[in-house]
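Chemist: Provided below are the primary sequence and the corresponding predicted coordinates.
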Number of protein chains: 2
Amino acid sequence: MRVNGAPSSQVSILDRGLHYGDGLFETIAVFDGHPCLWEPHCWRLLRGCERLGIPAPDLHLLRAEAREIIQEAGPGTPRAVLKILLTRGIGGRGYRPLVQPQPTRVLYLSPWPDHPQDAESEGVRVRLCNLRLAGNPWLAGIKHLNRLEQVLARMEWDDPGIFEGLLCDPQGHLVEGTSSNLFLWQGGALRTPDLGGCGVGGVAREAVIATAQALGVPVSIGRVSVADALGADLLLLSNSLIGLWPVRQLEERRYDPTSIPADLLAALRGRIFSP
Amino acid sequence: MRVNGAPSSQVSILDRGLHYGDGLFETIAVFDGHPCLWEPHCWRLLRGCERLGIPAPDLHLLRAEAREIIQEAGPGTPRAVLKILLTRGIGGRGYRPLVQPQPTRVLYLSPWPDHPQDAESEGVRVRLCNLRLAGNPWLAGIKHLNRLEQVLARMEWDDPGIFEGLLCDPQGHLVEGTSSNLFLWQGGALRTPDLGGCGVGGVAREAVIATAQALGVPVSIGRVSVADALGADLLLLSNSLIGLWPVRQLEERRYDPTSIPADLLAALRGRIFSP
């Protein structure tokens, strides 16, 4: 654990990350000592800094600190999760930030999650959440620390057989899962919801889009209705820790997880878990 | 400063308040050792706990801790600000909380803000913000820790002559200021925006509404357009630290701060600053 480079497990009670969720985060898969998609995670962090007006971290410093805490975990840790938090730090008058904020940088490693064994091949069950994501173009796409919507949505179910809940925007269009992005597979093409109004622009989502396009698979980004999802050949969920999983069931609708070619799925997943 | 009752100025980097803004806060004026509107602040905190599913704090304990830190500040502190933060604490799997969360309780005192001397009598200047508050009935009214909208809105201006910015919902209806609630004074009656879609249900706002009604002043709650505000006799801003201030100017529109009877204004303000 590092807070601004020093070994620490605490932050000030005055930190704006705590008071306002005034900051950003990245959740990064670490395989055999290597952070996956390190550069895209850094780019997204920088884009978030730009949008929120938080001074960007020194990426060499960030890389060095990440390397340190990964090395501390030792070679007996084949898989782990690196979390980076970057807040606007302490100071300002109420909501008004300092003109020159001193961000708080937190890095720590946590154990690899205990994912269902057969999720990659058999797919997972998902549900539709009642909560709707508020549309706010000022915050859309950013992986910021205001995540109460996701917390409340995740509290809607406790059936361990349901892995994820899908969220709609106020107009009823599908946006994403509580902690994953959504893809539809239909007629040999991928489609994923537009995130201009709300949602998190996932690094894994970007990797899937770019890799699919490079492989000649058409990918479209736009409005996705619940009816579109129910009518698709297959749904897929992406994030940095699961990679890309098929959905075998959404509410009562069942899908065939083998609808997407196995080699394409492996290629997309492989990109998410590569450096 | 107290964290879960113990003297401390830090919280764990794993706290869900930091990661997700998963918690609530209260900002309380302390006059001559007495927290103003203590019970309404506690009631709001409990309502927030209920809506977010966070175990409610023991109010006797909270009162005792507040008393302790106020006494520590000593009798030489006629005015101060007591801030209470209550988060869902540490734990859970990603967004999913523990079934029995152990909340983190933070209390601390900070200096009374350096308000403009003549704000009560002369009124303040306000502007219209470009950022619009996202409408989310699941979060509307709650004083939760997801406050990036307010931070970004407050970053829209740095003219020290402008005290506050007013925020609209996505439909263009006025909701509130970045850190205050809004009242319109017109024809001897008060009107304040409905907060069913977004906004914070201010304790000072409640006090104004209840006190005005008790004094026989009609108060209505409903939609307020920008045109309504421009056409009102006067605008007023409320919060627990300013009390109730007239607005002397919104963008180019000037108001007469004496449009509201001085004794009514004093009575409303007096209620906000009473125990």
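Modeler: On my side now, so go ahead. None of these values were measured; they are calculated from a predicted model.
Chemist: relative to residue A:89, how far out is residue A:98?
Modeler: Applying C-beta to C-beta, to the nearest Å, the value for residue A:98 to residue A:89 is 8 Å. Placement of C-beta: from N, CA and C, glycine included.
Chemist: who has more neighbours, the two?
Modeler: residue A:89 (24 against 13; other C-beta atoms under 10 Å in any protein chain shown).
Chemist: where along the stretch 151-275 of chain A do the strands fall?
Modeler: Using DSSP state E, counting those that start in this stretch, the strands found in the stretch 151-275 of chain A span residues A:162-168, A:174-177, A:181-186, A:189-193, A:219-222, A:234-239, A:243-250, A:253-254.
Chemist: a markdown table for those, including distance to chain B?
Modeler: Formatted as a markdown table, the strands of the stretch 151-275 of chain A follow (distance: least, C-beta to the nearest C-beta, whole Å):
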| stretch | distance to chain B |
| --- | --- |
| strand A:162-168 | 10 |
| strand A:174-177 | 10 |
| strand A:181-186 | 15 |
| strand A:189-193 | 17 |
| strand A:219-222 | 21 |
| strand A:234-239 | 10 |
| strand A:243-250 | 15 |
| strand A:253-254 | 24 |
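Chemist: mean neighbour count and distance to residue A:82 added to those, as a markdown table?
Modeler: Listed next are the strands of the stretch 151-275 of chain A as a markdown table, based on neighbours: other C-beta atoms under 10 Å in any protein chain shown; distance: least, C-beta to C-beta, whole Å:
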| stretch | mean neighbour count | distance to residue A:82 |
| --- | --- | --- |
| strand A:162-168 | 22 | 22 |
| strand A:174-177 | 25 | 21 |
| strand A:181-186 | 23 | 20 |
| strand A:189-193 | 22 | 25 |
| strand A:219-222 | 13 | 28 |
| strand A:234-239 | 25 | 14 |
| strand A:243-250 | 23 | 16 |
| strand A:253-254 | 13 | 36 |
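Chemist: how about TSV for those strands, with distance to residue A:113 added?
Modeler: Putting the strands of the stretch 151-275 of chain A into TSV (distance: least, C-beta to C-beta, whole Å) gives the following:
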stretch	distance to residue A:113
strand A:162-168	11
strand A:174-177	15
strand A:181-186	17
strand A:189-193	23
strand A:219-222	27
strand A:234-239	11
strand A:243-250	12
strand A:253-254	25
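Chemist: residue A:139 is nearest to which of these?
Modeler: Of all these, the one in closest proximity to residue A:139, counting by C-beta to C-beta, is strand A:174-177 (12.8 Å).
Chemist: list the neighbouring strands of that closest one plus their orientation.
Modeler: Paired neighbours of strand A:174-177 in the sheet (DSSP bridges): strand A:162-168 (antiparallel).
Chemist: using PDB, write down the CA coordinates of the helix or strand containing residue A:150.
Modeler: In this assignment (DSSP states H and E), residue A:150 forms part of helix A:148-154. These are the backbone C-alpha positions of helix A:148-154, laid out as PDB (Å, rounded to 0.1, in the frame of the first residue of the first chain):
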ATOM      1  CA  LEU A 148     -23.500   5.400  -5.300                       C
ATOM      2  CA  GLU A 149     -25.600   4.500  -8.300                       C
ATOM      3  CA  GLN A 150     -23.600   1.300  -8.700                       C
ATOM      4  CA  VAL A 151     -23.700   0.500  -5.000                       C
ATOM      5  CA  LEU A 152     -27.500   0.900  -4.900                       C
ATOM      6  CA  ALA A 153     -27.900  -1.100  -8.100                       C
ATOM      7  CA  ARG A 154     -25.700  -3.900  -6.700                       C
END
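Chemist: gap between residue A:5 and chain B?
Modeler: 14 Å (C-beta to the nearest C-beta, to the nearest Å).
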